[in-house]
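1. Return atomic coordinates for the entry below.
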Amino acid sequence: MREVKLKDGRTIVLRAMTKSDIMPAGNGRCPANCEMILGGDIEPTKHFRILNEKMIDRYGTTAILALDQELIAGFVNFYPTWCPHFDVCNDEQIDEATAHLDVIENPPFSDDPALHPRCLIVRNEYRGNNLAVELLNCLKEWAKANGWRKIVGNGCIFSGRAQYQWVISPKPPRKIWEKAGFSAQDYAPLGMNAKSSEDSARQSFEWYKSDDFPKYVPRDIDPDETNWYEIFADYTMIWSLQ
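-> Numbering: from 1, shown residues only. Just a heads-up that it's a prediction; the model follows:
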């Protein structure tokens, strides 16, 4: 556990998530887009609770929370290398993941085990206080204390210019990872891509320009931006315990 003092004097507590405060999930019920309070009225789905309780029993936790008293100001959640399919952003993914609970209980051998952050999110009103970096630092402390030697953040936006990444995407700018001691490296276990292809970056840019892009998110990049690849490319950021 660590404490962070905000500029306005409030104290934020960072700690590992326990069974008693498992966050709701599925269908967009996320601390990024609703007021999530520990012990509040929104209940996690049955399978989400089962999945996370299994992970907590086996590994200790699945997330580091940033708490302003009972309000979740931000979080970083993560899974071991052998659970890449546990990207539980909606109820269908959660239901699918519960078919693989045996992998949690009896993980396959890996000669390069690592933790993989899935989302690193700070609520809008708490940004500008270095909370994202503090969450990553707290994750590093937890990983070291629990025997992990590597953390791999996949899908990291390079530029930091696009507003959408802060509002609806779990892809923080590369500079945030670097402030927390991560570095860009090639890494591709289990078929994961180490770097973005030009096609995937272009798809992100085209989505950003399309009518499918959320209307409530400001577009702060010129549709004719010539440097679009550097803005929308994904990278792999790694922290290794020396």
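
2. For residue 78, see how far away the nearest residue to residue 68 once chain neighbours are set aside is.
-> In space, and not counting its chain neighbours, residue 68 is closest to residue 12: 5.7 Å by C-beta to C-beta, 6 or more residues apart in numbering. Every residue, glycine included, has its C-beta placed from N, CA and C. Between residue 12 and residue 78 the computed distance is 19 Å (C-beta to C-beta, to the nearest Å).

3. So which of those two has more stuff around it?
-> residue 78 (26 against 22; other C-beta atoms under 10 Å).

4. residues contacting the nearest residue to residue 138 once chain neighbours are set aside?
-> Sequence neighbours aside, residue 14 is the residue nearest to residue 138 in space, at 4.4 Å (criterion: C-beta to C-beta, 6+ apart). Contacts for residue 14 (C-beta atoms under 8 Å, 6 or more residues apart in numbering) come out as 1-4, 64-67, 134-135, 138.

5. Now, the residues you listed that are in helices?
-> Per DSSP state H, helices hold the following members of those: 134-135, 138.

6. got the residues you listed as TSV, with neighbour count columns?
-> Formatted as TSV, the ones in helices among the contacts of residue 14 follow (neighbours: other C-beta atoms under 10 Å):
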residue	neighbour count
134	22
135	29
138	21
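
7. Out of those residues, the closest to residue 228 would be?
-> residue 135 (28.7 Å; C-beta to C-beta).

8. Which strand residues bridge the residue lying closest to that closest one once chain neighbours are set aside?
-> In this structure, residue 135 finds its nearest non-sequential neighbour in residue 76, 4.6 Å apart by C-beta to C-beta, 6+ apart. Judged by DSSP bridges, the bridge partners of residue 76 are residue 64, residue 120.
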